[in-house]
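Peer 1: Generate coordinates for the sequence data below:
(2 chains)
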Amino acid sequence: KNQVEQSPQSLIILEGKNCTLQCNYTVSPFSNLRWYKQDTGRGPVSLTIMTFSENTKSNGRYTATLDADTKQSSLHITASQLSDSASYICVVSADLAGNMLTFGGGTRLMVKP
Amino acid sequence: NAGVTQTPKFRVLKTGQSMTLLCAQDMNHEYMYWYRQDPGMGLRLIHYSVGEGTTAKGEVPDGYNVSRLKKQNFLLGLESAAPSQTSVYFCASSYGLSPSYEQYFGPGTRLTVT
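Peer 2: Have a look, this model is predicted:
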């Protein structure tokens, strides 16, 4: 069964600090991996997308990495801001499955002043 | 351009009551999806549609029905609500069915069944 596991479940950091969120997946055959940001009371919004051949992808202060061999991804947030407080969801697509997505449970990040 | 909108935003139902959730998108997307999000769990696909007049079952379809009479609208129905259907429901749409096409999500509907 395709699965996506994220850690930690929740994280509190001080404004200005960096943090790294982890994602392990067992989705096969792999097509791509996305990181979504979900603000409280809102729908998920895509931050980055990486295919098999991509090791890293940046979007401003967000940098995602992918190791397709170990089936691991991370999302690094640099110089955190209060507006980064949200849930971050790792989502993996399986090839040949249309646009069917497997979602992780998310990491809830709180940035404190 | 509103993207994906959902109505209502909140709803409380009693066990056995019925209701319909409406999803609308103005991006001319062919594909639409209904998900539910429960605490600590990833979003799970309920039903999806690959075009006007078509629907298909997702991972957790039991207790729900859907209809896609117009390309821009995707309706999710609960015929006889149960407490297990208490959840946040998200609608999404995408231009294509390939995994390379991003799914755009609505703001969600929080449903409580007592």
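Peer 1: from here on, contacts and neighbour counts on C-alpha atoms
Peer 2: Noted.
Peer 1: low-scoring stretches of the chain, by residue?
Peer 2: Defaulting to chain A. A:95-99 (pLDDT under 70).
Peer 1: wrong one, I was asking about chain B
Peer 2: B:1.
Peer 1: residues from it in reach of chain A?
Peer 2: B:40-44, B:90, B:96-102, B:104-108 (Cα under 8 Å from any Cα of the partner chain).
Peer 1: Could you turn the buried ones of these into a PyMOL selection?
Peer 2: Buried subset of the residues of chain B next to chain A, written as a PyMOL selection, criterion 16 or more other Cα atoms under 10 Å in any protein chain shown:
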select buried, chain B and resi 42+43+44+90+96+97+98+99+100+102+104+105+106+107+108
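Peer 1: So which of the residues of chain B next to chain A belong to helices?
Peer 2: Per DSSP state H, helices hold no members of the residues of chain B next to chain A.
Peer 1: residues from chain A in reach of chain B?
Peer 2: So chain A meets chain B at A:31-32, A:41-46, A:93-95, A:97-100, A:102-106 (Cα under 8 Å from any Cα).
Peer 1: Quick one: buried ones out of these?
Peer 2: A:31-32, A:43-46, A:93-95, A:99-100, A:102-106.
Peer 1: give me the beta-bridge partners of the residue positioned nearest the centre of chain B?
Peer 2: Computing the C-alpha centroid of chain B and ranking residues by Cα atoms, centre = their mean puts residue B:34 first, at 2.7 Å. Legend: beta-bridge partners of residue B:34 under DSSP bridges are residue B:47, residue B:91.
Peer 1: Which members of the residues of chain A next to chain B are positioned in strands?
Peer 2: A:31-32, A:45-46, A:93-94, A:102-103 (DSSP state E).
Peer 1: tally of neighbours for residue B:28?
Peer 2: 12 (other Cα atoms under 10 Å in any protein chain shown).
Peer 1: Isn't it up against residue B:72?
Peer 2: Yes. With contacts counted by Cα atoms under 8 Å, residue B:28 reaches residue B:72, the gap being 6.7 Å.
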